[in-house]
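J.: turn this into a model:
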Amino acid sequence: MYLLICLFTFVELNCENLFDTQHDSLKHDEEFLPTSAMHWTPSRYWHKLNRIGQDILSCGELDSTKVIPDMVVLTEVENDSVMRDLTKRSLLRNAGYEYVMTDSPDERGIDVALLYSPFSFALIGYHSIRIAPPKGFRPTRDILYACGQLISGDTLHVFAIHAPSRRGGEQASRPYRLKVINRLLQSVDSVRALSPQARIIIAGDFNDYSSDPTLQLLVRHGLVEVSEKAQGSHGAKGTYRYHGLWGSLDHILCDATSARQLVDCHIHDAPFLLVPDEKYGGVKPRRNYLGPRYLNGFSDHLPLVATFGFPPIHPE
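T.: Just a heads-up that it's a prediction; the model follows:
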């Protein structure tokens, strides 16, 4: 008897300021408007959408086989209109993706979103998890929780996160990120209380490294960081590069059972996503902006791609 394994491709990507061109009077999005120093015009916006679409679609190419990723966690996405344009009017329009996202109190208006293929993930429900900021800190992004059924018959619980930045210094801002992670773990415990063997994936931009207290806290809680040693095949040793040094603030973690069913986890550094690093040597992500200078790129972060081989619950 042969056991059919269901391959499931999961992607995490920080989109680098995927804003629309309309001003939201309740948010500080003035930086990304046609009249701003960025000159964020409709033409640049639509070009950026197609760039992100190209980035996502290329993550599904495995061993010369072209498939679309089953699920994508996106951070730094402004609002529902951007996600609608991305899924229905960009290069992704024929992929059939559905999405859910947060509506956070973040002052700039950026949120997290979850793209999924309804052919491999049947959404059951979703909600946002809000974290009250400590005194003296700005509101941050909500955590997005979603659950649904996989083709294998399993229920998958997904948490998408964009933790508070390191503004003011790593140590000064660390308590805020720890508060977010502790709130995340409360939700993970709630899932496990109902289903001790729950299949869980947590992904996003944590604004921390694998060795930092936030990620270590998750690992001590029985979660496995499957992206810890991920590298690219064209020179990337992290998901972003700063002053010539590669690092990863983006991470994918999951439950121990799913970790054992991991087929591969890598940084997707296709050549078209890279440019030469003329100052420090090597390559770096082909970003969209450097300060106010438009570079016509993709993102300052590279995608993480994890492929799982989930066995069916009731093999025949």
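J.: kindly list the longest helix within the chain.
T.: For the chain, the helix that runs over the most residues, judged by DSSP state H, is helix 170-194.
J.: what comes up buried for that one?
T.: By neighbour count on 16 or more other C-beta atoms under 10 Å, the buried set for helix 170-194 is 173-174, 176-181, 184-185, 187-188, 191-192. Quick note: C-beta positions are derived from backbone N, CA and C, even for glycine.
J.: contacts for it?
T.: 129, 131, 133-134, 137, 140, 143, 145, 157, 159, 161, 163-167, 198, 200, 202, 206-208, 212-214, 217-218, 221, 223 (C-beta atoms under 8 Å, 6 or more residues apart in numbering).
J.: just the buried residues of these.
T.: Buried, going by 16+ other C-beta under 10 Å: 129, 131, 137, 140, 143, 145, 157, 159, 161, 163-164, 166, 198, 200, 202, 206-208, 212, 214, 217-218, 223, out of those.
J.: looking at the residues you listed, which are in strands?
T.: Those of those mapping onto strands are 129, 143, 145, 157, 159, 161, 200, 202, per DSSP state E.
J.: residues contacting residue 99?
T.: Neighbour list for residue 99: 83, 87, 113, 114, 115, 116 [criterion: C-beta under 8 Å, 6+ apart].
J.: and the last one, bridged to which residues?
T.: Going back to what we said before, that points to residue 116. residue 71, residue 98 (DSSP bridges).
J.: shaky segments in the stretch 1-150 of the chain?
T.: Along the stretch 1-150 of the chain, segments meeting pLDDT under 70 span 1-3, 62-65.
J.: show me the contacts for the nearest residue to residue 259 once chain neighbours are set aside.
T.: Nearest residue to residue 259, sequence neighbours excluded (C-beta to C-beta, 6 or more residues apart in numbering): residue 224, at 3.8 Å. Each residue near residue 224 by C-beta under 8 Å, 6+ apart is listed here: 253, 254, 255, 256, 258, 259.
J.: cool, residue 144 as well?
T.: 100-102, 112-114, 126, 128-129, 158-161.
J.: can you put those in CSV and add distance to residue 72?
T.: Shown next, in CSV, are those (distance: C-beta to C-beta, whole Å):
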residue, distance to residue 72
100, 12
101, 12
102, 15
112, 11
113, 8
114, 7
126, 15
128, 18
129, 20
158, 11
159, 14
160, 10
161, 14
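J.: most neighbours, which of those?
T.: Using other C-beta atoms under 10 Å as the neighbour test, these are led by residue 160, with 29 neighbours.
J.: that one against residue 114, yeah?
T.: Yes. Using C-beta atoms under 8 Å, residue 160 is in contact with residue 114, at 5.4 Å.
J.: list residues touching both of the two?
T.: 73, 74, 144, 146.
J.: separation between the second one and residue 11?
T.: Taken as C-beta to C-beta, to the nearest Å, the spacing of residue 74 relative to residue 11 amounts to 9 Å.
J.: name the residue in those two with the higher neighbour count.
T.: Shown here are residue 74 and residue 11; by other C-beta under 10 Å, residue 74 has more neighbours (28 against 24).
J.: which residue sits closest to the more buried one, ignoring its sequence neighbours?
T.: residue 113 (4.6 Å).
J.: tell me the contacts of the one you found?
T.: With C-beta under 8 Å, 6+ apart, residue 113 has these contacts: 73, 74, 77, 83, 99, 100, 101, 102, 144, 160.
J.: quick check: which element contains it?
T.: strand 111-116 (DSSP states H and E).
J.: hang on, the earlier thing: for residue 255, see how far away the residue nearest to residue 259 is.
T.: Residue 224 is 7 Å from residue 255, by C-beta to C-beta.
J.: swap in residue 232?
T.: 26 Å.
J.: now do residue 42
T.: 43 Å.
J.: the two: which is more packed in?
T.: The residue with more neighbours, out of residue 42 and residue 255, is residue 255; 21 against 11, by other C-beta under 10 Å.
J.: surely the more buried one meets residue 200?
T.: Yes. Counting by C-beta under 8 Å, residue 200 is a contact partner of residue 255 at 4.6 Å.
J.: so where's the longest strand in the protein?
T.: Longest strand in the chain, counting by DSSP E: strand 6-18.
J.: mind listing what it pairs with, with the direction of each?
T.: According to DSSP bridges, strand 6-18 forms sheet pairs with strand 71-77 (parallel), strand 304-310 (antiparallel).
J.: of the ones you listed, which approaches residue 24 most closely?
T.: Closest to residue 24 of the strands paired with strand 6-18, according to C-beta to C-beta: strand 71-77, at 13.4 Å.
J.: and the contacts of residue 113, which is closest to residue 34?
T.: residue 77 (19.4 Å).
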